[in-house]
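**Q** Here you go, sequence then predicted model.
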Amino acid sequence: MRTVVLLLATGIAFPIHASEVAPGARCQSGAYELADGARFVIQPSNEQNLRYRFLDGTSGKLYPVAGGYESGEGWSVREPVTLRVRCDGEKVRFQRHDAPALTGKKIALPTTPVTFKSGDANLYGELVAPLRKKPRAVVVLQYGSGRDSAVTDNFVQHLLPLEDIAVFVFDKAGTGRSTGQFSMHIGMLADDLAAAVNAVRAQPGMKGVPVGVMGESQGGWVAPVAATKAPVDFVVVSYGLAVPMSGEDQEEMAQSLKGKGYGADVLAKGEEIHRATTRVMVSRFTEGFDELERLKAAYGKEPWFKDIGGDYSSALMATPREEMGKWKEYFDHPYDIEYDTLPAIASIKVPQLWILAGDDTEAPIDGTLARLRELQASGVPLEINVFPNADHGMIAVKNGPGGLQPIGRTAEGYFELLGSWIGKRTVAVSNAAVIRP
């Protein structure tokens with residue numbers, strides 16, 4: 001969801017192959033099953049690394065070595081090495097330091113390429129189905145804010161079919177194998193997602209199968225709007241927001257300052273900064289620079305200034321005026337940071353599931369939770385699950401010396417909730433703090 005920092009960090013889609021790994025030991029992206037019946041998925045991570053995720057939520061990063069991959073205990077821990085993984089074609093071997101080696105193989109999930117049009121763009125996607133059964137439902141997935149290929153990098157397309165739920169994932173316009181202009185404009189992205197829903201419904205064998213949309217992170221803004229543009233049977237939002245992008249910046253800044261122990265006087269100064277940076281963003285870098293410079297001069301030497309946070313405010317305040325052109329160039333695509341999706345959410349008549357991370361540092365949930373509770377009270381059919389001790393991406397976290405630290409798993413019960421709710425449109429028992437009407 002990070003409209004500035006994260007987008008820059010994820011601007012390149014890395015190949016699944018790791019150059020350090022011998023050709024015979026490389027792992028392919030997809031779903032796997034070990035001899036003991038445990039199932040998991042592998043997909044690209046950052047640089048040349050991979051990530052594995054088991055259905056119980058256990059996860060870790062795989063670092064390439066000559067004989068395959070290695071990993072430690074933790075979300076991105078490498079040492080001490082406690083796991084070695086080697087692949088041979090579609091075969092896999094897991095060797096944990098305290099257990100016998102387990103072999104397994106890749107699950108050949110039926111995959112159908114689908115190309116469809118949205119406006120002038122030709123968009124490419126893939127429909128991934130369960131191995132042997134007719135799907136209980138189909139999820140049309142809206143990926144997050146990055147420019148990388150969703151078809152290459154997203155793991156949900158391999159995970160949910162293991163729960164007999166088909167997934168359609170597609171490259172956003174201007175990414176991967178899709179043509180058109182890259183965009184961060186919620187309305188435009190929703191048009192593309194609605195076109196994807198219609199393309200899926202047109203596929204053979206879809207008659208009678210519930211079709212819904214799911215948005216992760218930035219996709220949480222897109223999915224509800226798309227549900228007003230194409231017929232869907234359900235909506236799922238994971239670690240997304242019901243406040244505009246500008247509201248995300250505002251809440252993230254306040255959360256950062258409060259977390260450092262600053263009081264109302266500093267929060268008020270943070271509000272000044274937020275209003276100034278938002279003016280620059282809304283004007284597309286044509287207005288507001290004098291006010292930014294005034295605020296930098298007034299507050300730049302105060303101890304809290306380095307902790308202002310914010311989705312775009314921190315980046316703009318850290319950039320000298322003469323270098324602002326790089327941000328204008330970077331944001332040379334459609335966006336609307338004040339686009340409010342609340343009217344769309346309120347108008348949806350089909351069931352909605354909102355899954356929020358209780359300790360989300362990138363998308364603070366207070367404003368979203370308040371808005372959703374108001375909609376629940378007014379009769380909108382939506383359900384809210386808040387996972388405590390989870391950060392953005394539903395990554396399980398614990399308190400450490402430097403603040404929240406990720407541990408080696410996705411929030412416990414998250415995958416089970418997705419599989420149960422999407423399949424039946426009812427909430428499963430889980431570790432979440434379930435908030436219902």
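**A** All right, it came through fine. Numbering: from 1, shown residues only.

**Q** Please compute how far the helix or strand hosting residue 255 lies from its chain's middle.
**A** Per DSSP states H and E: residue 255 is located in helix 245-259. Helix 245-259 sits 19 Å away from the centroid of its parent chain (Cα atoms, centre = their mean, to the nearest Å).

**Q** What is the helix or strand following that helix packed up against?
**A** Using DSSP H and E, the next helix or strand after helix 245-259 towards the C-terminus is helix 264-282. Here helix 264-282 touches helix 245-259, helix 289-299, helix 313-317, going by 3 or more Cβ pairs under 8 Å, 6 or more residues apart in numbering; DSSP states H and E. C-beta coordinates here come from the backbone N, C-alpha and C atoms, glycine included.

**Q** So which residues make contact with helix 264-282?
**A** Helix 264-282 has contacts (Cβ atoms under 8 Å, 6 or more residues apart in numbering) with 246, 249-250, 253-254, 257-258, 287-289, 291-292, 295, 299, 302, 304, 308, 310, 312-313, 316-317, 324, 331, 337-338.

**Q** Next: stretch 399-412.
**A** Residues from elsewhere that reach stretch 399-412 (Cβ under 8 Å, 6+ apart): 53, 56-60, 73-77, 259, 357, 359, 361, 387, 389-391, 393-398, 430-432.

**Q** Out of those residues, list just those in strands.
**A** Using DSSP state E, the subset of these located in strands is 53, 59-60, 357, 387, 390-391, 395-398.

**Q** quick one on the thing from earlier: give me the buried entries from the contacts of helix 264-282.
**A** Among the contacts of helix 264-282, those classed as buried by 16 or more other Cβ atoms under 10 Å are 246, 249-250, 253-254, 257, 288-289, 291-292, 295, 299, 304, 308, 310, 312-313, 316-317, 331, 337.

**Q** related to what we said a few turns ago, what's the closest of the helices and strands packed on helix 264-282 to residue 115?
**A** Residue 115 sits nearest to helix 245-259 of all those, at 30.0 Å, using Cβ to Cβ.

**Q** outside of that closest one, which residues touch it?
**A** Residues from elsewhere that reach helix 245-259, judged by Cβ under 8 Å, 6+ apart: 1, 3, 221, 241, 243, 266-267, 270-271, 273-274, 277-278, 281-282, 304, 307-314, 335-339, 361-364, 366-367, 403.

**Q** follow-up on the earlier one: ok and the helix holding residue 255 relative to helix 264-282, angle-wise?
**A** Put simply, helix 245-259 runs at 150 degrees to helix 264-282, going by axes from the mean of the first three to the mean of the last three Cα atoms, to 10 degrees.

**Q** Now do residue 195: how many residues are near it, please.
**A** By other Cβ atoms under 10 Å, 21 other residues sit near residue 195.

**Q** residues contacting it?
**A** By Cβ under 8 Å, 6+ apart, the contact list for residue 195 reads 116-118, 123, 230.

**Q** Which per-residue confidence value corresponds to residue 433?
**A** Residue 433 is assigned 61 on the pLDDT scale.

**Q** ranges for the strands of the stretch 101-250 of the chain?
**A** 102-106, 111-118, 121-128, 138-142, 166-170, 211-216, 234-238 (DSSP state E, counting those that start in this stretch).

**Q** what's the closest of those strands to residue 199?
**A** strand 111-118 (3.7 Å).

**Q** Check which helices and strands that closest one is in contact with.
**A** Strand 111-118 sits against strand 121-128, strand 166-170, helix 186-201, with contacts defined as 3+ Cβ pairs under 8 Å, 6+ apart.

**Q** now, of the ones you listed, which is deepest in the fold?
**A** strand 166-170 (a mean of 27; mean count of other Cβ atoms under 10 Å).

**Q** what about it, average pLDDT?
**A** On average, the pLDDT along strand 166-170 is 98.

**Q** got the angle for that strand vs strand 121-128?
**A** Comparing the axes of strand 166-170 and strand 121-128 via the same axes, to 10 degrees yields an angle of 150 degrees.

**Q** Can you give me every residue that contacts residue 130?
**A** Taking Cβ under 8 Å, 6+ apart as the test, what residue 130 contacts is 109-110, 161-162, 164-166.

**Q** 7 Å - rerun?
**A** Applying Cβ atoms under 7 Å, 6 or more residues apart in numbering to residue 130 gives the contacts 161, 164, 166.

**Q** Confirm for me that the second one is in contact with residue 134.
**A** What it means is residue 164. No: applying Cβ atoms under 7 Å, one finds residue 164 not in contact with residue 134, separated by 8.3 Å.

**Q** what about these two, which has more around it?
**A** The neighbour count for residue 164 versus residue 134, taken as other Cβ under 10 Å, is higher for residue 164 (18 against 12).

**Q** how close does the closest residue to that one other than its chain neighbours get to residue 314?
**A** With Cβ to Cβ, 6 or more residues apart in numbering as the criterion, residue 164 has its nearest non-adjacent residue at 4.5 Å, and that residue is residue 130. For residue 130, the distance to residue 314 (Cβ to Cβ, to the nearest Å) stands at 43 Å.
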